[in-house]
Structures are given as C-alpha cells and as structure tokens.
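S.K.: Predicted coordinates and the sequence they were generated for:
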Amino acid sequence: MPNKIQKDLSIEYAHIYTSGRISDEQKLSLEILDNLIKERGDQNISLVVMVDDYSFPDLSFDYAVFLNWLSKGGFKPDLVIRESQLIPSCDEVLNHITNKKLKDQISDYIRAKKYPCSLFVATWYLIRLGYISSSIFNDNLVAKKIINILPLSFKHFEDKAIEIIKATQFGDAINQIENKYFEGRLII
C-alpha cells in the first residue's frame, strides 16, 4: 500500500460526458453522495469528479456551469479532471500490466481505435489510491479507499478496469475499491 495516504476515502460522483448535459443521472449521484457522507461523516473524505472529454468530445461543454451546479448542490469537488488528462498515466499503467495477452489486447485496441474506457478507469483508481503518481492529482487527495458512484450501465467497464488492475503488481488495490451502482432510484 502506498505511504502517501492523506484521506480515509475518495468519492467520485456526478460523472458526465462533455457531449451531455446535467441530467437526472448527476442529480441522483448527488443524492447518493449525500447519504454516503452522512454514513461516513467522521471520515476524512475527498470529493472528485471526472469529466469524460475523450469518448464523445464536445468543446462547448461549460465546466464553470457544471462546477457551479455541483457547488450550489453543496458538493463542490476537491478536484475535477478531464479524462484526456489521464493519457500519460494510462501509458504508465499499460507498462505495469504483466499479463502479456491482456497488454497486447489493450495496445492493439489503442493502435486501432483509441484508449479504452477500462484503462482510463484503472488508471484513475490507481492514481486516487496512490499506487501511481500524476501531476494532475495532488498527493494530499490520495485515499485508503475509493468509492465510485456510477450508473449501472458502466459496470462492464468497471469490471474490465478491475481485470487490468489485477494484472499489475498493484493487484491488491482492488480490495480498496467499491462501486455504488444506480439505475433510476435503485442502488445496487
């Protein structure tokens, strides 16, 4: 486990695509976040948001409006990152994959198309847990555990990210990751 841990918990919430707009999905994420904070009120928590500007890029996305909406909702994040900022760290994670078949599959996918969501997710989790460093992530936000509030439709990518993490020397990190999936108002 990394030695630079500063927080008990890092919670990701309100994930959004730059091609999308604030919707019930982000609103529900805030409700779940509110409940989590109440349950874990005595913990030292960081709040983080990842905006996907890579899968469906849209330069008209207004980060200020989104950040203002989150803040007005009472949940101003400690950090907002753009998914595309993770690319150099994705390359680092790819180099840490010890399973040759998986590493080759991901490398081939990158060459043929682009970076897969699962690699971004694995990278994001390893950064938040302090297993790898990134200039876009302040070390004082590194946490012992992470919780991600996500739509159930993301589960496939999350499962693939766990597979990637398991295939690195950081495999034990999967025990520090928890996902809270939602569909409508149902939390799984």
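M.R.: Nice, I can see it.
S.K.: low-confidence ranges in this structure?
M.R.: The chain contains residues with pLDDT under 70 at 1-3, 184-188.
S.K.: any idea where the helices of it begin and end?
M.R.: With helices called from DSSP state H, the chain shows them at 24-39, 63-72, 87-96, 100-112, 117-128, 155-166.
S.K.: who wins for proximity to residue 146 among these?
M.R.: Ranking the helices of the chain by proximity to residue 146 (CB to CB) places helix 117-128 first, at 5.1 Å. (Glycine included, C-beta is placed from N, CA and C.)
S.K.: which helices and strands does the closest one pack with?
M.R.: When contacts are defined as 3 or more CB pairs under 8 Å, 6 or more residues apart in numbering; DSSP states H and E, helix 117-128 packs onto strand 7-12, helix 87-96, strand 143-151, helix 155-166.
S.K.: Distance to residue 106 and mean neighbour count for these - can I get that in TSV?
M.R.: Converted to TSV, those look like this (distance: least, CB to CB, whole Å; neighbours: other CB atoms under 10 Å):
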stretch	distance to residue 106	mean neighbour count
strand 7-12	22	22
helix 87-96	6	17
strand 143-151	21	21
helix 155-166	7	19
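S.K.: Nearest residue to residue 182 in space, please, no chain neighbours.
M.R.: Excluding the flanking residues, the one nearest residue 182 by CB to CB, 6 or more residues apart in numbering is residue 28, at 5.7 Å.
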